[in-house]
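Visitor: Sequence and predicted structure are below.
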Amino acid sequence: MASGNRSQTAQGLTLIAPPLGYAVLVLAAPLLTILAYSFFKDGYLTVIREFTLENYRAVWADPIFHRIMLRSLVVAALVTLATVVLAFPVAYFLSFAVSPQKKAMWLFLITIPFWTSYLIRVFLWKVILGYNGVINSGLKTLGIIEQPLTFILYNVNSMVITLAHAYAPFAILPIFIALEKIDRSLLEAGRDLGESRAMTFWRVTLPLAMPGVVAAALIVFIPTIGDYVTPALIGGGKIPMIANMIQAQMLDLDNRPMGSALAVTAMLIVAVISLVFIALNRRFLRVRQ
Amino acid sequence: MTETRFDRLADARPMIECREVQKHYGDYHALRGIDLTIRAGEFFSLLGPSGCGKTTLLRTIAGFEDISSGAVLIDGKDMERVPANRRPTNMVFQSYAIFPHLSVAENVGFGLRRDPRSRVEKAAAVEEALEMVGLKGYGTRASHALSGGQRQRVALARALILKPKVLLLDEPLSALDRKMREQMQVELIKLQRQVGITFVLVTHDQEEALVMSDRIAVMFEGQIAQLDGPEALYARPTSRRVANFIGVMNFLPARVLGETGGAVQIEAPGLGRVDIPMANVSRADPGDLGPTVGFRPEAVSLVASGAQGANRVTEGVVDEVVYYGDMTYYDVRLDGSAGFDGQARPVRIAMRNVFGREVQDVGTRANVSWSPGSLVLFR
């Protein structure tokens, strides 16, 4: 029995060895390098391998870092909120209204945005939202506005719109799966026990879909915080987010220890926020029932 | 073998009335004109093979399915366009549908949200309901940690706490093992007598229906084939199909010789000439080649010798012996049973293995005792 278990464990390890090796190579190794760099000293164009906490001290004392980090968090939070709120009805429709034979086709349709490069989609949003873009010229032609709307380009709003669109499928899929897993007789039971459709949704469907919603929120929140392309293009470079700041330190200023310290700090902040979010969610679910 | 059980509900008012209920799913005709009255306080079963429409009928009563035409009345009120949440019915689902995100107490109290009672009173009601189904003190348990039998009890408590006029049970025992199922059958009967609510049970298990019900509707292909009490259903099935579905029945081809006032005289191979009372004469199923006479394995017995009273004795040879511990089944070829067409038809005989009675061997000659009153004629 014991030997059987051991051989099974060995077999399992053999199976995961290639992806594990790959992950260590391309994920853990660079991460550790960044972590190491963040404790080194910067000697203009070189890195002095001496331990120091100076980089972190500088990061935490930097008001620009505070502003940019806060902006990143706000943008990511808004994007997450918009994405999840918009994705939920789509996932609900997919799960409850689409006939089983047509679900595969609908899922396929939802992945269509992925067929074009993210970069191109960001550019397209620029075309749509720009001063002479689709929306502004359309509204001008119709005589509804005289001056182009400015609140939709080169600011936080335009970034939220672009990112929410880009991450929509990532939010739809986990919510869809959570909804699919709900035993339909539970909804009938809710109705049978005297609740209307709306109350059954609130008391049965939504709580049971929460794991999918939490997954969707994290899947959207974590990558949007580190998004680099959208602020650069849509934000016109005037409203950098944390990734742009790290890039500037790393490449433009060639201060790799400082860039690394920024990256590690941002990572820690995201990790802490994600954990708090998960914990809050558990709490929220328990209390509400 | 006739109506022996006291019909405790003969005078009860109608609780559920189905009038000419039709249900179509596209081309599929699921319910073909159901006319049915279920009495208040009754333990009523809808029995039939899968796909016969019994669950559909239950769901139309619950309000989960719209009917294509006809009417469903509950306690005298037409249920047309009354949604499931406004009907005076509650359901125990086949899967039990226990909310996995809620504790046992929260499941049981789910339907009490709009109940005007205070929080404390509601908690007491939940505890009382749990006690009624034998789950006292289980309130704080997580619902996913329950066994199948416990889940079912929670589903029962959750429905009964709302004091519905009708409790609908959709194959509630099919997921339980045999021992548990038999125990729950008895508990359900007791519970039903205790709360006095009309129970409507859907099942494909004939034994379960016979054990628990006041009356049973046997359904085939969207229609009610027979509606009767358990004894009548078992002793006098009105069609071969019903007879075959409820327990085991021996069938022999018969020839109708004539009709006197109260009986039909027939001749059957192995049985000879028999007068069958009119009450035991049913219609043959479409597709039957001719009249058939049927009897239950336990309506006949192997005896030492000679006829006793009204019983008649036919001799035969034991063809097969199946020993079950408490019972022994014999397949006996009756003398002269080759009958009209030369085909031998052994009949099955069930004998209880009482102390001192020897099990017969294959090939021995046997005396088969039977009563003309236990025969049913399908013509």
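Guide: Received it, and whenever you're ready, just let me know what you need.
Visitor: which helices and strands does the longest helix seen in chain B pack with?
Guide: Taking DSSP state H as the assignment, the helix of chain B that covers the most residues is helix B:178-195. Counting contacts by 3 or more C-beta pairs under 8 Å, 6 or more residues apart in numbering or on different chains; DSSP states H and E, helix B:178-195 packs against helix B:148-160, helix B:206-212. C-betas here are computed from N, CA, C, even on glycine.
Visitor: try 10 Å this time
Guide: When contacts are defined as 3 or more C-beta pairs under 10 Å, 6 or more residues apart in numbering or on different chains; DSSP states H and E, helix B:178-195 sits against strand B:43-47, helix B:119-132, helix B:148-160, strand B:166-170, strand B:198-203, helix B:206-212.
Visitor: Is any residue of the first one near chain A?
Guide: So the one you mean is strand B:43-47. No. Taking C-beta under 10 Å from any C-beta of the partner chain as the criterion, strand B:43-47 and chain A are apart, separated by no less than 17.7 Å.
Visitor: what lines up beside that strand in the sheet?
Guide: Strand B:43-47 sits in its sheet next to strand B:198-203 (parallel), strand B:215-220 (parallel), going by DSSP bridges.
Visitor: Now render these as CSV, adding mean neighbour count, distance to B:Asp331 and mean pLDDT.
Guide: Below are the strands paired with strand B:43-47 laid out as CSV (neighbours: other C-beta atoms under 10 Å in any protein chain shown; distance: least, C-beta to C-beta, whole Å; pLDDT from 0 to 100):
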stretch, mean neighbour count, distance to B:Asp331, mean pLDDT
strand B:198-203, 25, 29, 96
strand B:215-220, 24, 27, 96
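Visitor: export the longest helix of chain B as CSV, just CAs?
Guide: C-alpha atoms of helix B:178-195 as CSV (Å, rounded to 0.1, in the frame of the first residue of the first chain):
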residue,chain,number,x,y,z
ARG,B,178,-33.1,-0.6,0.8
LYS,B,179,-33.0,-0.6,4.6
MET,B,180,-33.3,3.1,4.8
ARG,B,181,-36.0,3.2,2.2
GLU,B,182,-38.2,0.7,4.1
GLN,B,183,-37.6,2.7,7.3
MET,B,184,-38.5,6.0,5.6
GLN,B,185,-41.7,4.4,4.1
VAL,B,186,-43.0,3.7,7.6
GLU,B,187,-41.9,7.1,8.9
LEU,B,188,-43.6,8.9,6.0
ILE,B,189,-46.9,7.1,6.7
LYS,B,190,-46.7,8.0,10.4
LEU,B,191,-45.8,11.6,9.5
GLN,B,192,-48.6,11.9,7.1
ARG,B,193,-51.2,10.7,9.7
GLN,B,194,-49.6,13.0,12.2
VAL,B,195,-49.8,16.2,10.2
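Visitor: ok so, going back, right, so of the helices and strands packed on helix B:178-195, which gets closest to A:Ala261?
Guide: helix B:119-132 (53.4 Å; C-beta to C-beta).
Visitor: The closest one vs helix B:178-195, what angle?
Guide: 130 degrees (axes from the mean of the first three to the mean of the last three C-alpha atoms, to 10 degrees).
Visitor: Next up, the contacts around the most centrally placed residue in chain A.
Guide: With distances taken as C-alpha atoms, centre = their mean, A:Val220 lies nearest the centre of chain A, 2.4 Å away. Shown in contact with A:Val220 (C-beta atoms under 10 Å, 6 or more residues apart in numbering or on different chains): A:76-77, A:79-84, A:87, A:163-164, A:166-168, A:170-171, A:174.
Visitor: For ChimeraX, what selects the buried ones among those residues?
Guide: Selection of buried members from the contacts of A:Val220 for ChimeraX, criterion 16 or more other C-beta atoms under 10 Å in any protein chain shown:
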select /A:76,77,79,80,82,83,84,87,163,164,166,167,168,170,171,174
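Visitor: Tell me how many other residues surround B:Ala129.
Guide: By the criterion of other C-beta atoms under 10 Å in any protein chain shown, B:Ala129 has 24 neighbours.
Visitor: which residues touch it?
Guide: B:105, B:108-109, B:112, B:135, B:139, B:153-154, B:156-162 are the contacts of B:Ala129 under C-beta under 10 Å, 6+ apart.
Visitor: Might you enumerate the residues of the stretch 151-300 of chain B proximal to chain A?
Guide: B:Ala155, B:Arg158, B:Ala159, B:Ile161, B:Leu162, B:Pro164, B:Leu168, B:Asp170.
Visitor: Okay, A:Ile172 and chain B: tell me how far apart.
Guide: 22 Å (C-beta to the nearest C-beta, to the nearest Å).
Visitor: From the contact counts, what lies against the helix or strand containing that residue?
Guide: For A:Ile172, the element it lies in under DSSP states H and E is helix A:156-180. Packing contacts for helix A:156-180, counted by 3+ C-beta pairs under 10 Å, 6+ apart, involve helix A:63-92, helix A:100-110, helix A:118-129, helix A:206-225, helix A:229-233.
Visitor: tell me the mean pLDDT over that helix?
Guide: Across helix A:156-180, pLDDT averages out at 90.
Visitor: chain center to it, what's the gap?
Guide: Here helix A:156-180 is found 9 Å from its chain centre; the criterion is C-alpha atoms, centre = their mean, to the nearest Å.
Visitor: Tell me where the model's unsure across the stretch 51-200 of chain B.
Guide: Within the stretch 51-200 of chain B, no stretch has pLDDT under 70.
Visitor: Test my guess that B:Asn90 contacts B:Ile61.
Guide: No. Assessed by C-beta atoms under 10 Å, B:Asn90 is found out of contact with B:Ile61, at 11.3 Å.
Visitor: Between these two, which contacts overlap?
Guide: In contact with both B:Asn90 and B:Ile61: B:Ala84, B:Val166, B:Leu168, using C-beta under 10 Å, 6+ apart.
Visitor: If we only consider those residues, which is nearest to B:Tyr96?
Guide: Distances from B:Tyr96 to those, taken by C-beta to C-beta, are shortest for B:Leu168, at 13.3 Å.
Visitor: Now for that closest one: which residues touch it?
Guide: A:192, B:16, B:46, B:58-59, B:61-62, B:64, B:87, B:89-93, B:159, B:198-202.
Visitor: what about 6 Å?
Guide: Residues near B:Leu168 by C-beta atoms under 6 Å, 6 or more residues apart in numbering or on different chains: B:Leu58, B:Ala62, B:Thr89, B:Met91, B:Val200.
Visitor: which of those has the most neighbours?
Guide: B:Met91 (31 neighbours).
Visitor: Considering the contacts of B:Leu168, which is situated nearest to chain A?
Guide: The closest of the contacts of B:Leu168 to chain A turns out to be B:Met91 (C-beta to the nearest C-beta; 4.8 Å).
Visitor: then the strand or helix carrying the closest one to PDB, C-alphas only?
Guide: B:Met91 is part of strand B:89-92, with elements assigned from DSSP H and E. Output of strand B:89-92 as PDB, limited to C-alpha atoms (Å, rounded to 0.1, in the frame of the first residue of the first chain):
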ATOM      1  CA  THR B  89     -48.200  23.200  -2.200                       C
ATOM      2  CA  ASN B  90     -44.700  22.300  -1.200                       C
ATOM      3  CA  MET B  91     -42.400  19.800  -2.800                       C
ATOM      4  CA  VAL B  92     -39.700  17.300  -1.700                       C
END
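Visitor: That strand: partners in the sheet, and parallel or antiparallel?
Guide: Strands that pair with strand B:89-92, judged by DSSP bridges, come out as strand B:166-170 (parallel).
Visitor: angle of the strand it pairs with against helix B:148-160?
Guide: Using the same axes, to 10 degrees: strand B:166-170 against helix B:148-160 is 150 degrees.
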